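Undergrad: my questions concern the predicted model and sequence given below.
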Amino acid sequence: MIRGYEIIEITKMNKYFNFLCISTLFATSIFICSRGFHFISNNNIENNMTGTAKVNKTAAVDITVNDATVWLNPFSKSSPIYHEAELFHLWLLDNKKLANELGAIAPGDKLRLSGQMINKGMARLPTVLLEQRLVSVNKILASLDPHMCGKYIKGEMPDSEFQSYAYPVMESFDSTEAKAWFFVNKSALEAELEKSAPIVLSTEEMLQGIKKIAQSIDQPQSREFVSGLSNLNTESDEVACATARTLYVKGSSLPEPYRGYIARLLLTMDNGHQKI
């Protein structure tokens, strides 16, 4: 039986949720997802002013190519994701639709723009692929200590630094996880090239997903979660990290359709959210 004061607390929480999501949560989620988790960028391009480039030691390969730039596979050669990254890179180079879309540009620019297109294309993906990606992202966030996690969530850590923490985790992916990671990247890029219609998360769906998370945890933690969302950029690194982890971990364990709502909230750019 629900006591009177509990009804008052629930009513207050519902009102606060509506205010929160309209004023701050939407912007917060856009910021978190816009950080990007595709990890295909020209940070892995090494320039050599003499006209040749050598792959560094981390690539575990000893080759020289007659090109001003070369893509450096950041993963250990013994890991499943090394092979999948190689295949994906070759697919990018041979993709005629991508070449027609981008025109004649330098390899580094091609990788950078491809990464941007992958981010935009995430909103065009079916929900099941976003849910799949959310599980992998959970592993990466869980590997960070609270201070580093909070810095990243608040935008105080460069992507290149974050990748240095993420790559070792991705190297632990088994073959299925590694294939899935780049399948999502490939699917997002193809969807963006095809200009498939984005699946737009409504404000009401976003509210339902967030409320479902709050309802799945005890009342004191629920209030802390809501407070953390509304003050994400001013909270301590530890609180910001705990809030983000709650979104990702609890969100990925929700029943449908709420799990899909949270995956779309966190992993798509502003073209995947209803404008407020």
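TA: Done, it's in. Numbering: from 1, shown residues only.
Undergrad: contacts, neighbours, all on C-alpha from now
TA: Will do.
Undergrad: can you list the domain ranges for the chain.
TA: Split into domains by automatic domain parsing, the chain comes to 4-34+200-272, 42-194.
Undergrad: can you put those in CSV and add mean neighbour count?
TA: Formatted as CSV, the domains of the chain follow (neighbours: other CA atoms under 10 Å):
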stretch, mean neighbour count
domain 4-34+200-272, 18
domain 42-194, 17
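Undergrad: could you tell me the least trusted of the ones you listed?
TA: For those, the weakest mean pLDDT is recorded on domain 4-34+200-272, namely a mean of 77.
Undergrad: just how off-centre is that domain within its chain?
TA: 16 Å (CA atoms, centre = their mean, to the nearest Å).
Undergrad: can you give me the distance of Q274 to W91?
TA: Using CA to CA, to the nearest Å, Q274 is found at 33 Å from W91.
Undergrad: again with V169
TA: For V169, the distance to W91 equals 24 Å [CA to CA].
Undergrad: same check, this time on S76
TA: 20 Å.
Undergrad: got it, and P255?
TA: For P255, the distance to W91 equals 35 Å [CA to CA].
Undergrad: for V137, same thing?
TA: In this view, V137 and W91 are 23 Å apart by CA to CA.
Undergrad: would you map the strands across the stretch 51-200 of the chain?
TA: Here the stretch 51-200 of the chain has its strands, by DSSP state E, counting those that start in this stretch, at 53-54, 64-65, 69-71.
Undergrad: longest helix in the protein, please.
TA: Longest helix in the chain, counting residues (DSSP state H): helix 175-194.
Undergrad: dump the next helix or strand after that helix to CSV, restricted to CA.
TA: Downstream of helix 175-194, the next assigned helix or strand under DSSP states H and E is helix 203-215. Presented in CSV, the C-alpha positions along helix 203-215 are these (Å, rounded to 0.1, in the frame of the first residue of the first chain):
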residue,chain,number,x,y,z
THR,A,203,9.9,14.2,-26.1
GLU,A,204,7.3,12.0,-24.5
GLU,A,205,9.2,8.8,-25.3
MET,A,206,12.3,10.4,-23.8
LEU,A,207,10.4,11.2,-20.7
GLN,A,208,9.0,7.7,-20.4
GLY,A,209,12.5,6.2,-20.7
ILE,A,210,14.0,8.4,-18.1
LYS,A,211,11.1,7.9,-15.7
LYS,A,212,11.4,4.2,-16.1
ILE,A,213,15.1,4.4,-15.1
ALA,A,214,14.2,6.5,-12.0
GLN,A,215,11.5,4.1,-11.0
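Undergrad: identify the residues contacting helix 203-215?
TA: Outside of helix 203-215, the residues within contact range by CA atoms under 8 Å, 6 or more residues apart in numbering are 17-18, 21, 222-223, 225-226, 246-247, 250-251, 254, 258-259, 261-262, 265, 273-274, 276.
Undergrad: for Q221, see how far away I118 is.
TA: With CA to CA as the criterion, I118 and Q221 are 35 Å apart.
Undergrad: mind listing the helices for the stretch 1-150 of the chain?
TA: With DSSP state H, counting those that start in this stretch as the criterion, the stretch 1-150 of the chain has helices at 4-20, 26-34, 80-94, 96-102, 107-121, 127-143, 146-153.
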